[in-house]
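J.: dropping the sequence and predicted coords here.
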Amino acid sequence: MHIPDLHDWTLTPPDAITLQKSLAAQLIDRSLDVDAVRIVAGVDVSVKPDPITGVPQSQAAITVLNFPALDVIEVVRARIPTPFPYISGLLSFREGAVIIAAARQLTITPDVFIFDGMGRAHPRRLGIAAHIGLWFNAPTIGCGKTLLVGKYTEPALERGAYSLMTHRGEVIGAALRTRDRVKPVYISAGHLMDLDSALALTMRCVTRYRLPEPIRAAHNAAGAFDAS
C-alpha cells in the first residue's frame, strides 16, 4: 500500500496539539455504501517491554478480512521502540508511525479501516482513526472500548441500539450496543466516513462478541510479539 508522508511524527506535545487542530479541518464527512464494501481491515497496537533492555516496544497489526464473510485474508505487523509517551488525546503520536510502517506492507488495499481507538470522538476531533485516515486517504472508523470525551444517555439494552455522543454541543459519535445487555462500544467517523455509515458497517462486522471481528483479529495479532 503506497502511503505518502503527511508530516513528521517527532513533535513536542504542544506542537502535536497544534498539528491536530490543523489536520482536523481536512477531514471529509462522506456517506459510505456499505453494500459495496468487499475488504475491511482492523488496526491495533500493543506495547510490551523488550525482555532484555526493558525498552517499551510498540507492535502494530493490520488484519484484512473479506466482507461480509469476515475471513482473515492478510495480516501485517511492524514493531518499533515506542516513540512517544502516553498522553491522553495524543495517542496517534504514540502509535501512528508503527501503524504506517505496517500498512506499507499491505498487498491488499482495504475499502475501510476500523481502528481500536477514536475517530472524531476526541477533544480536537482528531483521534487516531481520523488522523491515520488522512495518511491512508481512505475511509476509517474509530471503535473505542472506553469513553474518551463527551456524554451520552445509556442506549437500549438490545443489540444494535445506540445513543448519540455529544461534546461542546456537537455530535461526535455514538455509544453502540453490539450485543444484548453488554457494555457499548464508542463509534465515531474518521476520514471519508459519516457516523451513520460507521454504525452500519460496524454492526455488520459484529458476530457473537462485543468487538467487531476486524478489531478482535487485529488485537490478537498485535499482541503476538513472538510472531514478528
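T.: Happy to help now that I have it.

J.: quick one: the strands in the protein?
T.: Using DSSP state E, the strands found in the chain span residues 39-49, 56-66, 72-81, 112-115, 140-144, 162-167, 170-176, 185-189.

J.: tabulate these (a markdown table), appending distance to Arg204.
T.: Glycine gets a C-beta too; all of them are placed from N, C-alpha and C. A markdown table is the format used below for these (distance: least, CB to CB, whole Å):
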| stretch | distance to Arg204 |
| --- | --- |
| strand 39-49 | 9 |
| strand 56-66 | 11 |
| strand 72-81 | 16 |
| strand 112-115 | 11 |
| strand 140-144 | 12 |
| strand 162-167 | 14 |
| strand 170-176 | 12 |
| strand 185-189 | 13 |
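
J.: nearest to Ser31, out of these?
T.: With CB to CB, the closest approach to Ser31 among those belongs to strand 185-189: 10.2 Å.

J.: the closest one pairs with which strands, and in what direction?
T.: Within its sheet, and counting by DSSP bridges, strand 185-189 is paired with strand 140-144 (antiparallel), strand 170-176 (antiparallel).

J.: tell me the most buried of those?
T.: Highest mean neighbour count of these: strand 140-144, a mean of 29 (counted as mean count of other CB atoms under 10 Å).

J.: so what touches that strand?
T.: 112-121, 127-130, 132-133, 173, 185-193, 198, 201-202, 211-212, 215 (CB atoms under 8 Å, 6 or more residues apart in numbering).

J.: ok so, going back, let's have the strands of the chain in CSV, adding distance to Leu106 and mean pLDDT.
T.: Below are the strands of the chain laid out as CSV (distance: least, CB to CB, whole Å; pLDDT from 0 to 100):
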stretch, distance to Leu106, mean pLDDT
strand 39-49, 8, 97
strand 56-66, 6, 97
strand 72-81, 6, 98
strand 112-115, 10, 98
strand 140-144, 14, 98
strand 162-167, 30, 98
strand 170-176, 27, 98
strand 185-189, 22, 98
